[in-house]
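>>> my questions concern the predicted model and sequence given below.
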Amino acid sequence: MRPVIRLLTVKNALPQSIAVSDCVSDAAPVSVSSPQERLTWAHTEGLPLPLGVTWIEEDQAFNFAVCAEHAESVKLFFYSPADLAKPVLTFQFDPIRNKSGRIWHCRIPLDQMCDAHYYGYSVSGQAVAGLRGFDHEKVLLDPYARGVFFPPGFDRECATKPGPNDEKAPLGVLPKQRAAFDWAEDLPPRPESDAIIYELHVKGFTRHPNSGVHPSRAGTYTGLIEKIPYLKDLGITVVELMPVFQRDPHEKDYWGYMPLNFFAPHAEYGARGDDEHHLEFKNMIKAFHKARIAVVLDVVYNHTCEGDHLGPIYSLKGFDAAGYYMLSSDPTNPYANHSGTGNTLNFSQPHVRKMVMDSLRYWKNEMHIDGFRFDLASVFSRNADGSLNWGDAPIFSEIAADPELGRLALIAEPWDVGCYQLGRGFPGTTWLQWNARYRDDIRRFVRGDSGMVPDLMRRIYGSDDLFPDSREHAYHAFQTVNYIDCHDGFTLYDLVSYNHKHNWKNGHDNQDGMDANYSWNCGHEGDGSAAEVLALRRKQAKNFFCLLMLSNGVPMFRAGDEFLNTQFGNNNPYNQDNEISWLDWSQLQANQDILRFFNRMIAFRKSHPSLCRSRFWREDISWYGVGPMVDLSPDSRSLSFCLHGASLGDDDIYVMINAYWEELRFQIQEGSPQDWIRIVDTDLPSPHDFLDHGLPLQRTTYQVAARSIVVLVRRKHNEGSLESSLAHKNRQDAGRRINKES
């Protein structure tokens, strides 16, 4: 038991019940008869908002507020670095004076806190059958903690069992009084038609010893800064960071999709051992912005690392399991599991939605994040009983109404374990969405599946079947985020090198990860392949990326695809914090031809705004086959089209696509041979696969090799303008820089 001592009211004092160590200063009682000295309600009781810990400069005190609606008793503990077992001060909340609605709150003067650096809560209440929530012996982490401290004795196993976890629980870090961060001249970029999204893992991007980053900075926010010139030269305009929320260091969660806290950046990614990782993160964002690269965070709000009824009690479970999480009707599995990870946050609860909104505002206002990609975003649509709110799920209107958040890039993964809402089925009508139909249809077409030409046309056009721009729906073409691969699945190289997943090292008997990969190994499973197999793989990789860059919508690809990084056939390395997941930068030099092709295709797309439009192509697109008519038969594996750019002051682009295993002769349906120059032929070796200046055609037919793509350009009339010349020079300069960097 922790002793509770009652004190008289003193200067800057606590009129509630507190227990203190013998380090409290001797303060003389003061008279409260004078109006000038009378303490306000905020002084004596604290304020319910904002939630979390707030430094009150004029009072030299901290305000604490936490939501725990069904709690019967709440205590607040303070710890010094010298003793993480015995609190230097314990505050007992009085529900009559320190509770407003669902929120418990108090204000603690700094001079009463001794040498406290950390804090935690203890909460008791009426247990709900099966939930294992309230446990007054557990020290709990503040859900709003901006920093998380893991003591040397931190023990995940202890959190899964009843009983005390002193010295073994994560603690909140009391905020330091620092000078405001200098965001001067920080101008967030606003990419539109030039948007190229690059998904990367903060640690995995530079952790490998061959990354070129000093070992002291490898795998950190600071180390990522050193790679910004590389990303800039590649042509990236948006980086999408895989989750950076603080997670449980004892859980094998390399990817970061099991968050412990929604406000604190993951401390492991800091180059320094103290809590300066907040500063490092801000410096990283500022450096990206200076390079005109926007930063989007992959955020996980649908669940936490506390798992099911057998999982640890760290935070939300202990404050109010029934109030924060969605419950099921199955007594053997009392937590609803629409996330596939054991629990699901209950977005029908206002305080849950507020926590998410406050987190989003924190990352936007304090960290200057430019947008968010929401993991399993369909959970936002679920009611308390798990049913779907197809009409007006509250959090979507709350985000839209926020003057700051509504203007950010909001990207949904529009599904969860039991729901698929891709396209107009997703309630966030103005959000961008990861388009898994694009991924699957393009994969199937490129590997040579039959009957895929109609689907290919829809995906290239911008997926108007999913995002209709009718008067009723009024979607935009840019709302589809097109991708061939992402962190979840094969890398691009593995997509053309493996027919089957090879996940044995994950420890689940190869039962984890997707089975429907629509991959093709080009004739041999994995490495050790013949020269002709390796050549075909390189061509298929170029075909995939060429189609991605030619499609209407916003393109995204994963880090390392540009130099054929491999995960050795593992399509779910969520727990592989090693060479399987870390980028192998030695492949950068080995695959210079692929890097060059990626660089040129990105530059080509960015120099042709006709490709990525706010609206669909409509009358500007003409579809053909090898002849004048598109062959939509099941046996067809070819397509051509001409995208006319005059409406946007752009060139005309003619594309011939052959996914058949034999060469095909295409008849060019528009203009004369001298009108066109060939830019791309994926069958040719580098540098002929992409010609910066182009090669004039000699005839109106083109022999497109098996499994190849050819791109022609018909220049607009003002081709010789200064703007056009500068754009061409910039593309050449970018290519030279990226080769030099490599």
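In hand now; what should we look at?

>>> could you list the low-pLDDT ranges of the stretch 601-742 of the chain?
For the stretch 601-742 of the chain, applying pLDDT under 70 flags the ranges 717-742.

>>> that one: helices as residue ranges?
Ranges of helices in the stretch 601-742 of the chain, per DSSP state H, counting those that start in this stretch, are 722-741.

>>> okay, residue 176: pLDDT?
Here the pLDDT value assigned to residue 176 is 84.

>>> mind checking the SS state of it?
Assigned by DSSP: H, G, I helix; E, B strand; the rest coil, the conformation of residue 176 is coil.

>>> which residue sits closest to it, ignoring its sequence neighbours?
Leaving out its chain neighbours, the residue that sits closest to residue 176 by C-beta to C-beta, 6 or more residues apart in numbering is residue 275, at 7.7 Å. C-beta here means a position set from N, CA and C on the backbone, and glycine is covered the same way.

>>> what sits against that neighbour?
For residue 275, the contacting residues are 147, 149, 173, 176, 267, by C-beta atoms under 8 Å, 6 or more residues apart in numbering.

>>> top of these by neighbour count?
Of the contacts of residue 275, residue 149 is surrounded by the most neighbours, 23 neighbours in total, counting by other C-beta atoms under 10 Å.

>>> for that residue, what are its contacts?
Here residue 149 is in contact with 117-118, 170-173, 275 (C-beta under 8 Å, 6+ apart).

>>> swap the cut-off to 6 Å and go again
118, 171, 173 (C-beta atoms under 6 Å, 6 or more residues apart in numbering).

>>> of the residues you listed, which is the nearest to residue 465?
Residue 465 has its nearest neighbour among the contacts of residue 149 in residue 173, at 49.6 Å by C-beta to C-beta.

>>> that closest one contacts residue 147, correct?
Yes. Shown here, residue 173 and residue 147 form a contact pair, counting by C-beta atoms under 6 Å, at 3.4 Å.

>>> adding secondary structure, write the contacts of residue 275 out as CSV.
Converted to CSV, the contacts of residue 275 look like this (three-state DSSP):
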residue, secondary structure
147, coil
149, strand
173, strand
176, coil
267, helix
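
>>> and the closest residue to residue 682 other than its chain neighbours, how far is that from residue 195?
Using C-beta to C-beta, 6+ apart and skipping the chain neighbours, the partner closest in space to residue 682 is residue 542 (4.3 Å). Plainly put, residue 542 is 21 Å away from residue 195 if you go by C-beta to C-beta, to the nearest Å.

>>> do residue 216 as well
Distance from residue 216 to residue 195, by C-beta to C-beta: 34 Å.

>>> next: residue 629.
Per C-beta to C-beta, residue 629 is found 34 Å from residue 195.

>>> please apply the same query to residue 326.
As defined by C-beta to C-beta, residue 326 lies at a distance of 35 Å from residue 195.

>>> likewise for residue 188?
Following C-beta to C-beta, the distance that separates residue 188 from residue 195 is 14 Å.

>>> likewise for residue 232?
Relative to residue 195, and taking C-beta to C-beta, residue 232 is found at 15 Å.
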